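Visitor: Got a predicted model here, sequence first, then my questions.
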There are 4 protein chains.
Amino acid sequence: MFTNLITDVDGVLTDGGFYYSGEGKILKKFGPHDNDGFKMLVEMGIQPVAISADMLGYSITKKRMEDMGIPIHLVSASTRYKWINDRYDFRKIIFVGDGYFDIECIKASRYGVAPSNAPDIVKAAADFVTTSCGGNGVILEIALSMMNEN
Amino acid sequence: MFTNLITDVDGVLTDGGFYYSGEGKILKKFGPHDNDGFKMLVEMGIQPVAISADMLGYSITKKRMEDMGIPIHLVSASTRYKWINDRYDFRKIIFVGDGYFDIECIKASRYGVAPSNAPDIVKAAADFVTTSCGGNGVILEIALSMMNEN
Amino acid sequence: MFTNLITDVDGVLTDGGFYYSGEGKILKKFGPHDNDGFKMLVEMGIQPVAISADMLGYSITKKRMEDMGIPIHLVSASTRYKWINDRYDFRKIIFVGDGYFDIECIKASRYGVAPSNAPDIVKAAADFVTTSCGGNGVILEIALSMMNEN
Amino acid sequence: MFTNLITDVDGVLTDGGFYYSGEGKILKKFGPHDNDGFKMLVEMGIQPVAISADMLGYSITKKRMEDMGIPIHLVSASTRYKWINDRYDFRKIIFVGDGYFDIECIKASRYGVAPSNAPDIVKAAADFVTTSCGGNGVILEIALSMMNEN
């Protein structure tokens, strides 16, 4: 039914925080459960893909996604819809995002998901709002909900 | 109607935390949504300005604000009111602050805003208390509320 | 009655967060009360043992456990049940975990505990769900509950 | 009426977290409001004093307290009561603590305070439980409550 889960990174796989030193963005906080969730999705035949518009923190994001074995692409907020549409079929994807500029993709996807920490306007656009907040089990919660449906 | 949004940094654009090592204040935690909010304000013709009294952590604050393209000024708590009054018209500004010494500016501004994490005494002085807490969407929430008003 | 308390680390003794830089996992956040809790358990004759499946962050975990004087072992999620069963008697242990793959050990233990931040499916398997969340007093809460029982 | 406010550091002036790398405890998170609170207390004639039992993170604690101009002493949990009793009059002090081993001093003090994040057993011993949690305005809240009483 679903071919892919496409997820934003900051605010979904992290708590959304950009930890800055005087050198710039140097840390992000990821969580302990999403790796389990990604593995379950793969077992169900749903391939995870991560996209991020955060150019300044991309080396951090890339390192974490590589540690989990998930493909990651740098895609700006304004080209996000087109980027997905050129490569995937929105009718067969789960899209997860927490940002104002994610609303278009959340609406276009077969199953649009927002984490509990997303702004109200983003959550209002989603098919499913997780009880988990970003960086604390969002992907695991989606994977478990998929298992229950099958 | 509004010419400027003037915002404090710590506790509004961050979670308020000062992350210390033995060397001193080395990290602050900013959020993912405020950059979107600042862009919307600029599109509405409201220029954002950031002020901070945190001398010890100023290089961190400055780096983040430069990354977002927002002007930042080091202004002590006790001179804050005068500093703004000399440069702007309080009747045309939105002021956002979470500290005890922000109360004077919150009251003087046309639209004084406090984030949900501010002490009660600060929130009691505000025209608007965001549901977002510092470092998690305060500026975006203000920008969205301005859009709805227009 | 209990010979050992065996506890997972990430999400129980920490808030579950993996703080990443571009170099990888570099920080974890532990809490102030668990050291007190471990001392109380030892005084009651219950020996604490920590296990972790987090290979990438093991040097961090190891350092903290050594600072508290608690033995720590690297045990993968899939071999966790067997590892415990080969060394301990499940009927005499308290097991604490917050992950999906901890459910088997939580159920097998005489007293299975999950912290408040664990996913619902994990908490449903536990004999006791702490009001404390990971990294903020889980072990102390268990130790105090044991004192009250005696 | 009160000569001193004596406060624990971790969990009162911080969120209680010990941020570890493989090198050990390297970061603590302090908050934006306590500096304002300490200044108010001094203006009321109440001298602040900080004590900490955290030897491993003492250089971090010391740096922050020096930045705020508050005297800090390394005092173990077991000798805390005697240390205070030898130097101060418990009938004239405010004591703030969040740990299990702070209960004795909280009870002995004229005004014993616990932050909202303290374990229930600690809060039950306090004369006043702040609505603020550690690292987010505990001292400011106490200072404001003192102002209202005068």
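Guide: Right, received. Where do you want to start?

Visitor: how distant is the helix or strand where residue A:81 lies from the center of its chain?
Guide: Secondary structure assignment for residue A:81, by DSSP states H and E: helix A:80-87. Computed by Cα atoms, centre = their mean, to the nearest Å, the separation of helix A:80-87 from the middle of its chain amounts to 15 Å.

Visitor: Point me to the residue of chain A nearest chain B.
Guide: The nearest approach of chain A to chain B comes at residue A:22, 3.7 Å away (Cβ to the nearest Cβ). Every residue, glycine included, has its C-beta placed from N, CA and C.

Visitor: The residue nearest to that residue when sequence neighbours are not counted and residue D:28, how far apart?
Guide: Nearest non-adjacent residue to residue A:22, counting by Cβ to Cβ, 6 or more residues apart in numbering or on different chains: residue B:59, 3.7 Å away. Separation of residue B:59 from residue D:28 (Cβ to Cβ, to the nearest Å) stands at 20 Å.

Visitor: follow-up on the earlier one: quick check: next helix or strand after the helix holding residue A:81?
Guide: For helix A:80-87, the following helix or strand on the C-terminal side (DSSP H and E) is strand A:93-96.

Visitor: can you map out the strands along chain A?
Guide: In chain A, the segments counted as strands under DSSP state E are A:4-8, A:18-21, A:24-30, A:47-52, A:72-74, A:93-96, A:111-114, A:128-129.

Visitor: Report whether the third one contacts chain D.
Guide: Same thing as strand A:24-30. No - using Cβ under 8 Å from any Cβ of the partner chain, strand A:24-30 stays clear of chain D, with a minimum separation of 10.0 Å.

Visitor: Give me the residues contacting that strand.
Guide: Residues from elsewhere that reach strand A:24-30 (Cβ atoms under 8 Å, 6 or more residues apart in numbering or on different chains): A:10, A:13-15, A:17-20, A:54, A:56-57, A:60-61, A:64, A:135, B:27, B:63, B:67, C:17-21, C:26-27.

Visitor: show me what contacts the nearest residue to residue A:97 once chain neighbours are set aside?
Guide: Leaving aside its sequence neighbours, residue A:97 sits nearest to residue A:8 (Cβ to Cβ, 6+ apart; 4.1 Å). Each residue near residue A:8 by Cβ under 8 Å, 6+ apart is listed here: A:50-52, A:96-99, A:102.

Visitor: want to throw these into a markdown table with pLDDT?
Guide: Listed next are the contacts of residue A:8 as a markdown table, based on pLDDT from 0 to 100:
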| residue | pLDDT |
| --- | --- |
| A:50 | 98 |
| A:51 | 98 |
| A:52 | 97 |
| A:96 | 98 |
| A:97 | 98 |
| A:98 | 96 |
| A:99 | 94 |
| A:102 | 96 |
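
Visitor: any idea which of those is closest to chain D?
Guide: The shortest approach to chain D among those belongs to residue A:98, at 23.1 Å (Cβ to the nearest Cβ).

Visitor: so what pLDDT did the residue in chain A positioned nearest to chain C get?
Guide: Distances between chain A and chain C by Cβ to the nearest Cβ are smallest at residue A:59, namely 3.7 Å. With respect to pLDDT, residue A:59 scores 97.

Visitor: now residue A:149
Guide: 70.

Visitor: Any figure for the gap between it and chain D?
Guide: 38 Å (Cβ to the nearest Cβ, to the nearest Å).

Visitor: what about the residue of chain A closest to chain C, neighbour count?
Guide: Around residue A:59 there are 14 other residues, counting by other Cβ atoms under 10 Å in any protein chain shown.

Visitor: ok, now how distant is it from residue C:105?
Guide: Using Cβ to Cβ, residue A:59 is found at 36 Å from residue C:105.

Visitor: Show the low-confidence segments of chain A, by residue range.
Guide: Low-confidence segments of chain A (pLDDT under 70): A:150.

Visitor: okay, now the nearest residue to residue A:31 once chain neighbours are set aside: neighbour count?
Guide: By the measure of Cβ to Cβ, 6+ apart, the closest residue to residue A:31 outside its immediate chain neighbours is residue A:135, 4.2 Å from it. Using other Cβ under 10 Å, residue A:135 has 27 other residues around it.

Visitor: Ends of stretch A:14-24, what's the gap?
Guide: Taking Cα to Cα, to the nearest Å, the first and last residues of stretch A:14-24 lie 18 Å apart.

Visitor: Give the buried residues for it.
Guide: Neighbour-count burial for stretch A:14-24 flags A:14-22 (criterion: 16 or more other Cβ atoms under 10 Å in any protein chain shown).

Visitor: What of stretch A:34-53?
Guide: Residues of stretch A:34-53 classed as buried by neighbour count (16+ other Cβ under 10 Å): A:34-41, A:44, A:46-53.

Visitor: Would you mind marking which of the residues you listed are also close to chain C?
Guide: Answer for these near chain C (Cβ under 8 Å from any Cβ): residue A:36.

Visitor: Now residue A:90: closest residue in space that isn't a chain neighbour?
Guide: residue A:108 is the one closest to residue A:90 (Cβ to Cβ, 6+ apart), at 4.6 Å.

Visitor: May I ask you to confirm that the one you found is in contact with residue A:91?
Guide: No - when contacts are counted by Cβ atoms under 8 Å, residue A:108 is not listed as touching residue A:91 (9.1 Å).

Visitor: For the residue nearest to residue A:22, give its distance to chain D.
Guide: Residue B:59 is 15 Å from chain D, by Cβ to the nearest Cβ.

Visitor: same thing with residue A:140?
Guide: From residue A:140 to chain D the distance is 23 Å (Cβ to the nearest Cβ).

Visitor: what's the neighbour count on that residue?
Guide: By other Cβ under 10 Å, the residues close to residue A:140 number 27.

Visitor: cool, the one 3 residues further on as well?
Guide: When neighbours are defined as other Cβ under 10 Å, residue A:143 has 27 of them.

Visitor: need the contact list for it.
Guide: A:36-38, A:40-41, A:44.

Visitor: Mind putting those residues into CSV with distance to residue B:78?
Guide: Formatted as CSV, the contacts of residue A:143 follow (distance: Cβ to Cβ, whole Å):
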residue, distance to residue B:78
A:36, 52
A:37, 50
A:38, 52
A:40, 56
A:41, 55
A:44, 60
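
Visitor: ok, so of these, who is nearest residue D:75?
Guide: Among the contacts of residue A:143, residue A:36 lies closest to residue D:75 (Cβ to Cβ), at 43.0 Å.

Visitor: Quick check: phi and psi at the residue located most distally from the centre of chain A.
Guide: The outermost residue of chain A relative to its centre, with distances by Cα atoms, centre = their mean, is residue A:22 at 28.3 Å. Torsion angles at residue A:22 (phi, psi; degrees, to the nearest 10) stand at phi -60, psi -10.

Visitor: Would you confirm that residue A:114 contacts residue A:107?
Guide: No - using Cβ under 8 Å, residue A:114 is not in contact with residue A:107; the gap is 11.1 Å.

Visitor: before we move on, back to that, mind picking the one among the contacts of residue A:143 that's closest to residue C:86?
Guide: For these, the nearest to residue C:86 is residue A:36 (24.0 Å; Cβ to Cβ).

Visitor: out of everything not next to it in sequence, what's closest to the closest one?
Guide: That would be residue C:100: by Cβ to Cβ, 6+ apart, it lies 4.9 Å from residue A:36.
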